[in-house]
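In: Okay, sequence plus prediction incoming.
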Amino acid sequence: MYQTSDIRKGLKVEMDGSPWVVVEFMFVKPGKGTAFTRTKFRNLLTGNVVERNIRTGETLAPTDVEELEMAFLYSDDESFHFMNGEDYSQVAVPRSVVGDAWQWLKEEFIGRVMFYKGLPVSVEAPTFVELEVVQTDPGVRGNTATGTTKPATLSTGATVQVPLFIDAGTWLKIDTRTGEYVERVKR
Amino acid sequence: MVPSAALEEHLYPLRADGGLLRTSPEFALKRVIAAGLPRVYEIGPCFRGREAGPWHGSEFLMLEWYRAGAALEDLAREATDLVDAVAVALGKPPLPWAHTTVRALVLAACGVDVARAAVADLSSHEADHTWDDAFFRRWVDSVEPSLRGALVVSGWPASQAALAAVRSDGDWPVARRFEIIVDGVELANAFEELVDGRELQRRFVQSNAARVASGEPPHPVDLDLIDAVGRMPPTSGIAVGIDRLVAVIEGWPGIARGRVPA
């Protein structure tokens, strides 16, 4: 069990049947009262954030959460399949768990798969990925004006907004946190 | 170093070289009052263990003053004048003071009348066994985050009297004390002082029983203080946290930047 003195950013705990991670904490103590640690937790399954005041002396339970860097192998109708690079074990992650991360997953990319009580519960793509444009309206040569964009479809099937001079066959660097085009890359 | 550093259950004195460091100048100043000086003050460093956060530090600067014959209302006026003077000296306007009670604040924040509330009315948390446990949970969860502006807050529960006198306020007993709370941060705490030595002894025993029950060492009972308190004239006293005062007036997010060299 964790004490309030163990609370720090990134600590993962089990509360109300869910895994949570500490995102913020602060010592508070009313004049004549006991000390509390005002703690913000983010639910690792839903992303919800709650604030709880934990009194000194109360305990928090550890949670069974493991995060593994895994290589994306292939997808089928139901799942995305990943491989653990250390023991070559494979896991099928249901599409519902992969969520929006499908847009940025290409074979051999290393994703971060989170397991809760042994089951995969979320997938995070690498922060930056390089993907090929497979379809977009013809480029306008020499138009490097910023601010005007058009949609482009990537090899994964995802659609991103790109500048007008981008053509099919161009490789792009994408920031997966925002889903935004960063720059062209040479291949 | 002092023979006894505190009375309150939730103060954790620091030790140095086998002795205790004072948590406030209170015990020493009360002996001076009892010896016949009607007005005393001290400004100096104080030390408290297990307090570390944006608004807490193990060492901080405290101003305390006592006035024999003064009422709590007199000290409220002096203290708010002092805060205003510090604000003006730092190029800020005086504060728009409001006077309120604990009962009114809790009622406004969560619709509970603390004078009639049982433990279950204040908290459903399984770890809250005593009324004070439940009260402080409610205070920290709902009331304190709602506090805005410059407040003089009186009418604290009698169970949180510390070294203050207690009287019945209509239908519930309250401690004769007020806190100055500005934008949710407690800047000062004032007592109409307890002048009954036997009652002080009883509170030492009560506080120490609670400490021992929760595995903490008891505070040494300060017999000189008990003797002095029994000889004190009617007196009011107040303690102001200087680090917090400066930080709040300056709008800093905590006392670390405002650490005043002692």
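Out: On my side now, so go ahead.
In: Quick check: residue B:101 vs residue B:142, distance?
Out: Applying C-beta to C-beta, to the nearest Å, the value for residue B:101 to residue B:142 is 16 Å. Just so you know, the C-beta spots here come from the backbone N, C-alpha and C atoms, and that holds for glycine as well.
In: now swap in residue B:159 and tell me
Out: For residue B:159, the distance to residue B:142 equals 19 Å [C-beta to C-beta].
In: what about residue A:166, distance to chain B?
Out: Using C-beta to the nearest C-beta, to the nearest Å, residue A:166 is found at 45 Å from chain B.
In: same question, residue A:13
Out: 16 Å.
In: got the CA positions of whichever helix or strand that residue is part of in PDB?
Out: Residue A:13 belongs to strand A:12-15 when elements are defined using DSSP states H and E. Extracted C-alpha coordinates of strand A:12-15, given in PDB (Å, rounded to 0.1, in the frame of the first residue of the first chain):
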ATOM      1  CA  LYS A  12      -0.300   4.500 -10.500                       C
ATOM      2  CA  VAL A  13      -3.000   3.400  -8.100                       C
ATOM      3  CA  GLU A  14      -6.200   1.400  -8.000                       C
ATOM      4  CA  MET A  15      -9.400   3.300  -6.900                       C
END
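In: List the buried residues of that strand.
Out: For strand A:12-15, a neighbour-count test (16 or more other C-beta atoms under 10 Å in any protein chain shown) marks A:12, A:13, A:14 as buried.
In: Stretch B:93-111 now?
Out: Neighbour-count burial for stretch B:93-111 flags B:95, B:97, B:100, B:101, B:102, B:103, B:105, B:106, B:109, B:110 (criterion: 16+ other C-beta under 10 Å).
In: Quick check: phi and psi on the second one?
Out: This points to residue B:97. Here is the backbone geometry of residue B:97 (degrees, to the nearest 10): phi -70, psi 140.
In: Now do the contacts for it.
Out: Residue B:97 makes contacts with B:80, B:150, B:151, B:152, as judged by C-beta atoms under 8 Å, 6 or more residues apart in numbering or on different chains.
In: Show me which residues of chain A are close to chain B?
Out: A:26-36, A:38, A:53, A:55-58 (C-beta under 8 Å from any C-beta of the partner chain).
In: Weed out the non-buried ones from those residues.
Out: Buried by 16+ other C-beta under 10 Å: A:26-36, A:38, A:53, A:55, A:58, out of those.
In: tell me the two of these that are most distant?
Out: A:31 and A:58 (20.4 Å; C-beta to C-beta).
In: give me the residue from chain A nearest chain B.
Out: residue A:27 (2.7 Å; C-beta to the nearest C-beta).
In: looking at this, that residue is in a helix?
Out: No. According to DSSP: H, G, I helix; E, B strand; the rest coil, residue A:27 belongs to no helix; its state is strand.
In: is it in a bridge, and if so with what?
Out: residue A:37 (DSSP bridges).
In: For the residue nearest the centre of chain A, which non-adjacent residue is spatially closest?
Out: Per C-alpha atoms, centre = their mean, the C-alpha nearest to the average position across chain A is that of residue A:124, at 3.4 Å. Counting by C-beta to C-beta, 6 or more residues apart in numbering or on different chains, residue A:112 is the residue found nearest to residue A:124 once chain neighbours are left out, at 4.2 Å.
In: Next up, phi/psi of that neighbour, please.
Out: The phi/psi pair for residue A:112 (degrees, to the nearest 10) is phi -110, psi 110.
In: what sits against it?
Out: A:67, A:68, A:69, A:70, A:123, A:124.
In: and if you look at residue A:172?
Out: Shown in contact with residue A:172 (C-beta under 8 Å, 6+ apart): A:130-133, A:152, A:154, A:160, A:162, A:166, A:181-185.
In: Next: residue B:92.
Out: Contacts of residue B:92 by C-beta under 8 Å, 6+ apart are residue B:249.
In: quick one: secondary structure of it?
Out: Assignment for residue B:92 (three-state DSSP): coil.
In: So what's the predicted local confidence for it?
Out: If you check residue B:92, the pLDDT there is 97.
In: measure it to residue B:252 for me?
Out: From residue B:92 across to residue B:252, the span is 13 Å (C-beta to C-beta).
In: And for residue B:206?
Out: Counting by C-beta to C-beta - residue B:206 and residue B:252 are separated by 38 Å.
In: what do you get for residue A:12?
Out: Applying C-beta to C-beta, the value for residue A:12 to residue B:252 is 32 Å.
In: Now residue 35, what are its backbone angles?
Out: In the absence of a named chain, chain A is used. Dihedral angles (degrees, to the nearest 10) for residue A:35: phi -80, psi 150.
In: sorry, should have said chain B
Out: Here residue B:35 shows phi and psi, under degrees, to the nearest 10, equal to phi -80, psi -10.
In: Setting the sequence-adjacent residues aside, check what's closest to it.
Out: Residue B:35 sits nearest to residue B:228 (C-beta to C-beta, 6+ apart), 7.8 Å away.
In: how about that neighbour, what does it touch?
Out: So residue B:228 contacts B:30, B:31, B:33, B:34, B:35 (C-beta under 8 Å, 6+ apart).
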